[in-house]
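Enquirer: sequence and predicted structure, then a few things I'm wondering about:
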Amino acid sequence: MIDRQYIGHRMAPFTVPVEAGRLRLFAKATGQHDPVYTDEAAAHDAGHPGLPVPPTFLFCLEMDAPNPAAIRELLGLDYRRLLHGEQRFTYHAMTYAGDRLTFEQCIEDIYDKKGGALEFVVRRTRVSNQHGTHVADLRTVTVMRHG
Amino acid sequence: MPTLRYDALQVGDALPAFETEPVSRLTLALYCGASGDHNPIHVDTDFAHAAGQPDVFAHGMLSMAYLGRLLTNWVPQQALRDFGVRFVAITQVGDRLTCRGTVVEKMEAHGEKRVRIELSTVDQNGEVKVAGDAVVALP
């Protein structure tokens, strides 16, 4: 059983840069051919100050934490038994290449189903940019399979 | 892109759907590097076998990125307010995913006109892999 005392636990915040080259590689990997996501001129023409961070890439930036395994280690989770159950993003402002984004993660809930055969960890992450603007919230549900 | 207007949309309207290329090992390798998700279960067949899987399989977040494309093909990304999915079933190498969205609700919230979209990715056999929803603001 995952220790329920960690419900409400806040991780140390971290800040990561948004790199244009990484956004171009992400566009290639996801079959994104809209030039807004790879070409600065097209981005400017569409009203963006730079290459936009696409809708799901904040999750990737969250994994650029100094220790991406910090929560797994804290909770003692075996990643061979982990599944990504749900993912949600709530957007408050756009983010762009060149931004520096700060991630504040909180373990919102831990619960189980099927008599403990499945345990669920709910993580909330608040994201803000280098100007202190709250840009997004992420909600991640991870499933730990036992047996 | 032509501007979509709230008044012109009806519940039941479909977003322009698309089908992906079959998910290849190269796609998974590129996504591994681009996303920063280095879990070997998605790229290392030996690891997948040792973990009891028949093969490597796709990152759930790759499918969510495809649904993100569906949304930003339809409206500028600045219109996106909320986007969530459940990972229902594993997407395997070779699967072709059809990405679909349908307007299910029109509403006003936070002083904006918004629509809720139901989203899914479905494989070539009709199996739902990812299901979710998004909210976009429209003029």
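Expert: Right, received. Where do you want to start?

Enquirer: rest of the way, CA atoms for contacts and neighbours
Expert: Fine.

Enquirer: how about the residues of chain A that lie near chain B?
Expert: Chain A has residues A:22-23, A:25-26, A:28-32, A:54-57, A:60-61, A:63-64, A:80, A:84-94 near chain B, with proximity defined as CA under 8 Å from any CA of the partner chain.

Enquirer: show me the residues you listed that map onto strands.
Expert: Residues of the residues of chain A next to chain B located in strands (DSSP state E): A:84-91.

Enquirer: picking up where we left off before, give me the buried entries from the residues of chain A next to chain B.
Expert: Among those, those classed as buried by 16 or more other CA atoms under 10 Å in any protein chain shown are A:22-23, A:25-26, A:28-32, A:54-57, A:61, A:63-64, A:84-92, A:94.

Enquirer: check which helices and strands the lowest-mean-pLDDT helix or strand in chain B sits against.
Expert: Every helix and strand of chain B was ranked by mean pLDDT, DSSP states H and E. The lowest is helix B:45-50, at a mean of 95. Using 3 or more CA pairs under 8 Å, 6 or more residues apart in numbering or on different chains; DSSP states H and E, no helix or strand is in contact with helix B:45-50.

Enquirer: chain center to that helix, what's the gap?
Expert: 26 Å (CA atoms, centre = their mean, to the nearest Å).

Enquirer: any chance you could map the helices in the chain?
Expert: If you meant another chain, say so; for now it's chain A. Here chain A has its helices, by DSSP state H, at A:20-29, A:40-45, A:57-62, A:70-75.

Enquirer: chain B was what I was after
Expert: Ranges of helices within chain B are B:25-35, B:45-50, B:60-74, based on DSSP H.

Enquirer: tell me which of these is the most buried.
Expert: helix B:60-74 (a mean of 23; mean count of other CA atoms under 10 Å in any protein chain shown).

Enquirer: quick one, that helix and helix A:20-29 angle?
Expert: Between the axes of helix B:60-74 and helix A:20-29, defined by axes from the mean of the first three to the mean of the last three CA atoms, to 10 degrees, the angle is 90 degrees.

Enquirer: and helix B:60-74, what does it pack against?
Expert: Counting contacts by 3+ CA pairs under 8 Å, 6+ apart, helix B:60-74 is packed against strand B:98-109, strand B:112-122, strand B:128-138.

Enquirer: B:Q92: which of the helices of chain A is closest?
Expert: Between B:Q92 and the helices of chain A, the tightest spacing by CA to CA is seen for helix A:20-29, at 16.3 Å.

Enquirer: name the residues that touch that closest one?
Expert: A:33, A:37-38, A:51, A:53, A:97-98, B:27-28, B:30-31, B:34-35 (CA atoms under 8 Å, 6 or more residues apart in numbering or on different chains).

Enquirer: tabulate the helices and strands packed on helix B:60-74 (TSV), appending mean neighbour count and distance to A:T133.
Expert: Listed next are the helices and strands packed on helix B:60-74 as TSV, based on neighbours: other CA atoms under 10 Å in any protein chain shown; distance: least, CA to CA, whole Å:
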stretch	mean neighbour count	distance to A:T133
strand B:98-109	18	21
strand B:112-122	22	20
strand B:128-138	21	20
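
Enquirer: mind checking which of those strands is nearest A:V135?
Expert: Across those, A:V135 has its closest neighbour in strand B:128-138 (15.9 Å, CA to CA).
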